[in-house]
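Peer 1: build me a structure from this.
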Amino acid sequence: MREPNYEMLPEHMRDGMRLWVERGIEPGSFLEAVLCNDLKGACGRADHINRHHLFDYVEFIYNEVPADCQGSREKYIAWMERGGMLGQHEDEALGKAV
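Peer 2: Below you'll find the model as predicted:
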């Protein structure tokens, strides 16, 4: 998988999304809502910049990140427990089922 294009997101959100995708480190409440497919929660937690970039988040998530790391609360929790992409790669290297 190629590196996600984090440039699609507002600058102040890129590190949080990168840590989430790569390591499964919990982001702030806005990104959590976005990743869990909670539109109402995302709108309620968006700052004045993110409010205008919701479509960009949808496009980014659809095109740039693994399906396993987003889409529902269950996937969110499983991704966090796995340790993101790095945790997934460690499991594969050890021969564990992912």
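Peer 1: shaky segments in this protein?
Peer 2: 1, 89-98 (pLDDT under 70).
Peer 1: show me where it has helices.
Peer 2: In the chain, the helices defined using DSSP state H lie at 14-23, 29-35, 39-45, 54-64, 73-82, 84-93.
Peer 1: most packed of those helices?
Peer 2: Of all these, helix 29-35 carries the top mean neighbour count, a mean of 20, counting by mean count of other C-beta atoms under 10 Å. The C-beta positions use only the backbone N, C-alpha and C, and glycine is treated the same way.
Peer 1: elements contacting that one?
Peer 2: Secondary-structure packing of helix 29-35 (3 or more C-beta pairs under 8 Å, 6 or more residues apart in numbering; DSSP states H and E): helix 14-23, helix 39-45, helix 54-64.
Peer 1: export the ones you listed to JSON lines and tack on distance to I77?
Peer 2: As requested, those are exported to JSON lines (distance: least, C-beta to C-beta, whole Å):
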{"stretch": "helix 14-23", "distance to I77": "13"}
{"stretch": "helix 39-45", "distance to I77": "15"}
{"stretch": "helix 54-64", "distance to I77": "17"}
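Peer 1: so for R73, which of those helices sits nearest?
Peer 2: R73 lies closest to helix 39-45 among these, at 10.5 Å (C-beta to C-beta).
Peer 1: show me what the closest one is packed against.
Peer 2: Counting by 3+ C-beta pairs under 8 Å, 6+ apart, the packing neighbours recorded for helix 39-45 are helix 29-35, helix 54-64.
Peer 1: list the contacts of that helix.
Peer 2: Residues from elsewhere that reach helix 39-45, judged by C-beta atoms under 8 Å, 6 or more residues apart in numbering: G28, S29, F30, E32, A33, V34, R51, L54, Y57.
Peer 1: same check, this time on stretch 60-77
Peer 2: With contacts defined as C-beta under 8 Å, 6+ apart, stretch 60-77 is touched by 1, 4-5, 8-9, 17, 20-21, 24, 32, 34-37, 78-79, 84-85, 88.
Peer 1: the same query, at a cut-off of 10 Å, please.
Peer 2: For stretch 60-77, contacts defined as C-beta atoms under 10 Å, 6 or more residues apart in numbering pick out 1-9, 13, 17, 20-22, 24, 26-27, 31-38, 53, 57, 78-80, 82, 84-85, 88, 98.
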